[in-house]
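**Student:** predicted model, plus sequence, below.
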Amino acid sequence: MEDDDQRVVDLVKELVHRLLCTSSQSNSQNPNASSFTPHEYNQALKYSLRILSSRMTPSIAADDSAMAESIKRRLATAGKSSEALTFADLYAKFSHKNGPGSVKNKWAVLYLLKTISEDRKVRKKQFSNRISNGFLDSALAGGLPTLFEGDELSGGSGGFGNSSVGRSTDGFADLKGSSENVRNLRGFSNLENEKNEDSFSGLTANMKKLKVMGDASSSLRAREHVEKRYNGGILVVSKDPENIRDMAYRDFADLIKEENEVTEVILVRDVLYACQGIDGKYVKFDEKADAYVLPDLIKVPRATRIMVRKLCELGWLFRKVKAYITESMDRFPAEDVGTVGQAFCAALQDELSEYYKLLAVLEAQAMNPIPLVSENASSGNYLSLRRLSVWFSEPLVKMRLMAVLVDSCKVLKGGAMAGAIHMHAQHGDPLVNDFMKRLLRRVCSPLFEMVRTWVLEGELEDIFAEFFVLSQPVKAESLWREGYRLHAAMLPSFISQSLAQRILRTGKSINFLRVCCEDRGWADAATEAAAAAGTSTGRGGLGYGKTDALESLVTEAARRIDKHLLDVMYKQYKFKEHCLAIKRYLLLGQGDFVQYLMDIVGPELSEAANTISSFKLAGLLESAIRSSNAQYDDPDILERLRVKMMPHNTGDRGWDVFSLEYDTSVPLNTVFTESVMSRYLRIFNFLWKLRRVEHALIGVWKNMKPNCVTSRFFVKLPHAVKLHLILTSRKCQVLWDEMNHFVSNLQYYIMFEVLEVSWSNLVKELEAAKDLDDLLAAHEKYLYSIIEKSLLGERSQNLNKILFTLFDLILRFRSQADRLYEGINELQSRTTDSSSQDKARLQRPSNKKPSEPGSWLGEGRKDLTRRAGEFLRNMGQDIDAIAKEYSSVFEGFISQLPIQQHVDLKFLMFRLDFTEFYSHLFVLHTCEPILCLVLAYLGFACIVLPLGRPFQFEKCTLLG
């Protein structure tokens, strides 16, 4: 090991000798002369060993190519182009030698040569000035402290000795510790040979004393006056007390400056570190202040401190943006960051990559001084704090904007995030505007891809619920109404509400065709729409800033796909035909079918509801279809028509629970939903009861025909019975006329003013419909119009109750009229039957009510007359009660018609009171008691019928 150390020392000696020889030959006119002294050689050798044995490490990365490039650049800027080319050629040969015996650490050799060259330049400047600032000059200049010879500097007072240090020693006598220095370089801590410690131990002690010299400035006042001169790189001071004081002050100031002041180069480096989120030597991140700060102990000018703080704002913003990206990417697999959030993070990362490139350029410039023409002129560093502020002006604006976006988008995702970013794009600064557009193109790319796939393919690729269209699993019949809806929170502000509705409807139409209609024709329509809009069906056809292209694509796709959907509904599924079938059968528009059905099911429906067979009613329905023009309809339509028995209570009759239903399947049940069919059922029940009332009045008219009561029958009746019979029949006839007038006009109003007008409007709107929403709206309007005009709406509930009360009174009148004419017929038959039949009936046990006609002849002719009179009086009283109640209820119905909100109800009022009969009736009815008194005073006896009508004089006689 000692042999190796000695070999290293020999090589170092040879290197130093060659370097000195080369330097002396370049400076001397005689190239063969050796101009350096042994003393200079010893100093250079000591300096070399000092460098090799030191533990200092360079602060730059080990890159031999970069180091060679730096040396070439330095030679070129110094005006030594030929030397730069020579060095490049030598370095090319040096770098290609990689075999045995070659230098492995090439970068270290280059760095050593560069350091020696820079140190020699500094020392040349010191020679020219002939003034030294103390033992720290070379160290401050970038090299190692100057090594002094022997122990002459160790004086008793800590100052310089009186002896000259310019004496030369013999050869290499002072280099006894060279091998030990090499061992220290290799890491040996314990030395075997103690005699080699003498030469450098004294040197170390001298260095410590020199360092203390700066603090012991007071002892320098007692030093002797010495002359200033420079000999062999060692400072010699003369015995001038004033010069000693000045030199000590300057040395002390340099020490304080080194300890407390920071150069601008170091601050620039720390600021560049801070802008990358890294703590520098002096500029560090303070968690409490939430900022990069320069400690107060560091003595820098106030302006410099403010400048550093402003520049470090970029680092604080960088930390915020970088933390958001890191946090979002870390929680991505577990939480719903979303594709838009990922795109936002990727866009931010791209901007940070450009930012990194700028910092790399600035760091490279921070390592180089300003190039000068003169080699001897001194230059500062190229990158200063003020130059940094200029360089950072544009990145600072972008980083501030990114930090604002990060704060705005922390809790947002999808369309909400894109909308929030779009709000910051409305800026007048072209730099900000261009930056935001570039960022939004990246961020909105997933969102526009979702729009494209939804509009052209009907696919909702939204795993993280970012799209403004939401889907939910529903049945096929509810797909259009409930399957998809807009999510307002995810609708970005650059997409209008109307455009979003069209986007939603277009995708719904495709899914409706695919799922409900099992149709594939929409694909051709989507391709044609993309071609017409000038966009491709592949990815990337849409993007931020192409709003016109988006609207054009959506408009073309919606128009073609909606048209195809309506064609499928009208032609393949015959929607109009089904609407007409519902109008004819559920709304009782097929007159012959309804009349025949009512005739054949009437006897069955008169029974109790719990005794009626739905199968028998279904058979009767089939008979009604075969016996009417309904038999010529489409069999598919007729198969959908069925009998439905509604839930019934105790005492209900078949009339109360009978109804018809129309069965619909997908996709027709999208229009004819359960709610819609329930409203059709309400309308059917109302119309069915109206038809039943009309049918009942027709049945009463059949019994009231004149041939039912013959003149021969009237001749045989007693006068009193005859008078009661005529009066009761007249009451019944008058009440029937009034009821028939009301039912006929109401029937006409419903059939013509309500059903036909609403159907005509529906047909027009179906022809003008452009999409399925228009079709649904037209049908909804049609159904709403019928319900409101038919007094079935919520605003007509009171009027509807009155109307059904009138219907019940009419049905009660039907039963009373049937009872009356059954009694009259029985009375007629009793009077004309033979005596044998009378005797047979008289022998039957009398277990019926006295008012029943079957027991009239049980006690002879007198009893027949008495019982007939009682029956007619009772029937007259019952009819009078029904008439009075009907008049009162009808008066309430008429009085509420004018205050109804629907304008068409005025037509009903006009038809019911077109002669103003009821208007005068109600006015006179209020004045009836007073008029009776006036007529009685005049001597007239007035018989007022209890019908609420004006006075009808049965017999008027003068009382006096």
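**Tutor:** Looks like it arrived, so ask away.

**Student:** the protein: strands as residue ranges?
**Tutor:** 225-231, 234-239, 284-286, 291-293, 469-471, 484-486, 641-645, 658-662 (DSSP state E).

**Student:** next, the buried residues of the fourth one.
**Tutor:** Within strand 291-293, the residues scored as buried using 16 or more other CB atoms under 10 Å are 292-293. Every C-beta, even on glycine, is put in place using the N, C-alpha and C of the backbone.

**Student:** same deal with the fifth one?
**Tutor:** Using 16+ other CB under 10 Å as the test for burial, strand 469-471 gives 469, 471.

**Student:** one step back: between the strands of the chain, which has the poorest mean confidence score?
**Tutor:** Of all these, mean pLDDT reaches its minimum on strand 225-231 (a mean of 38).

**Student:** leaving out the residues flanking it, which one is nearest to residue 652?
**Tutor:** Excluding its sequence neighbours, the residue lying closest to residue 652 (CB to CB, 6 or more residues apart in numbering) is residue 609, at 4.2 Å.

**Student:** count the neighbours of the one you found for me.
**Tutor:** 20 (other CB atoms under 10 Å).

**Student:** quick one: it and residue 588, what's the gap?
**Tutor:** In this view, residue 609 and residue 588 are 21 Å apart by CB to CB, to the nearest Å.

**Student:** over to residue 891?
**Tutor:** Counting by CB to CB, the gap from residue 891 to residue 588 is 29 Å.

**Student:** also residue 792?
**Tutor:** Here residue 792 is placed at a distance of 15 Å from residue 588 (CB to CB).

**Student:** so which of the two has more stuff around it?
**Tutor:** Higher neighbour count among residue 792 and residue 588: residue 588, with 24 against 18, using other CB under 10 Å.

**Student:** check contacts around the more buried one.
**Tutor:** By CB atoms under 8 Å, 6 or more residues apart in numbering, the contact list for residue 588 reads 594, 684, 687-688, 691.

**Student:** of those, which is the nearest to residue 476?
**Tutor:** residue 684 (26.0 Å; CB to CB).

**Student:** my read: that closest one touches residue 660, true?
**Tutor:** Yes. The pair residue 684 and residue 660 qualifies as a contact (CB atoms under 8 Å) at a distance of 6.2 Å.

**Student:** shared neighbours, the two?
**Tutor:** Common contacts of residue 684 and residue 660 (CB under 8 Å, 6+ apart): residue 586.

**Student:** measure how buried the closest residue to residue 784 other than its chain neighbours is and give me the count.
**Tutor:** Nearest non-adjacent residue to residue 784, counting by CB to CB, 6+ apart: residue 793, 7.9 Å away. Per other CB under 10 Å, the neighbour tally for residue 793 reads 18.

**Student:** now the phi/psi pair for residue 793, please.
**Tutor:** Main-chain torsions, residue 793, degrees, to the nearest 10: phi -80, psi 170.

**Student:** for it, list the residues it contacts.
**Tutor:** Each residue near residue 793 by CB under 8 Å, 6+ apart is listed here: 784, 787, 902.

**Student:** now the residues you listed: which count as buried?
**Tutor:** By 16+ other CB under 10 Å, these give residue 787 as buried.

**Student:** can I get the contacts of residue 793 in JSON lines with pLDDT and distance to residue 521?
**Tutor:** Below are these laid out as JSON lines (pLDDT from 0 to 100; distance: CB to CB, whole Å):
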{"residue": "784", "pLDDT": "93", "distance to residue 521": "32"}
{"residue": "787", "pLDDT": "92", "distance to residue 521": "36"}
{"residue": "902", "pLDDT": "73", "distance to residue 521": "42"}
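
**Student:** show only the entries of the contacts of residue 793 found in helices.
**Tutor:** The helices, defined by DSSP state H, take in 784, 787 from the contacts of residue 793.

**Student:** list just the nearest of the contacts of residue 793 to residue 289.
**Tutor:** Relative to residue 289, the closest of the contacts of residue 793 is residue 784; by CB to CB it sits at 67.8 Å.

**Student:** now that closest one: how far from residue 676?
**Tutor:** Counting by CB to CB, the gap from residue 784 to residue 676 is 11 Å.

**Student:** same thing with residue 320?
**Tutor:** To residue 676, residue 320 is 57 Å away according to CB to CB.

**Student:** also residue 646?
**Tutor:** Taking CB to CB as the measure, residue 646 falls 17 Å from residue 676.

**Student:** out of the two, which sits in the busier spot?
**Tutor:** Taking other CB under 10 Å, residue 646 and residue 676 do not tie; residue 676 has more neighbours (18 against 12).

**Student:** and residue 555, how many residues sit next to it?
**Tutor:** When neighbours are defined as other CB under 10 Å, residue 555 has 16 of them.

**Student:** can you pull the contacts of it?
**Tutor:** By CB under 8 Å, 6+ apart, the residues touching residue 555 are 502, 533.

**Student:** cutoff 7 Å now
**Tutor:** The contact partners of residue 555, taken as CB atoms under 7 Å, 6 or more residues apart in numbering, number zero.

**Student:** per-residue confidence for it?
**Tutor:** The model's pLDDT for residue 555 equals 91.

**Student:** next one: residue 927
**Tutor:** 49.

**Student:** what of the one 10 residues further on?
**Tutor:** We note a pLDDT of 41 for residue 937 in this prediction.

**Student:** same check, this time on residue 873
**Tutor:** Reported pLDDT for residue 873: 85.

**Student:** count the neighbours of it for me.
**Tutor:** Neighbourhood size, residue 873 [other CB under 10 Å]: 14.

**Student:** chain neighbours aside, what residue packs nearest to it?
**Tutor:** Nearest residue to residue 873, sequence neighbours excluded (CB to CB, 6+ apart): residue 724, at 6.2 Å.

**Student:** mind listing what that neighbour touches?
**Tutor:** For residue 724, the contact set (CB under 7 Å, 6+ apart) comprises 869, 872-873, 876.

**Student:** and which of those is nearest to residue 291?
**Tutor:** Distance to residue 291, by CB to CB, is smallest for residue 876 among the contacts of residue 724, at 106.3 Å.

**Student:** isn't that closest one up against residue 728?
**Tutor:** Yes. Using CB atoms under 7 Å, residue 876 makes contact with residue 728 at a distance of 4.4 Å.

**Student:** show me which of these two is the more surrounded one.
**Tutor:** For residue 876 versus residue 728, the count of surrounding residues by other CB under 10 Å is larger for residue 728: 23 against 20.

**Student:** next up, the contacts around that one.
**Tutor:** Applying CB under 7 Å, 6+ apart to residue 728 gives the contacts 820, 872, 875-876, 879.
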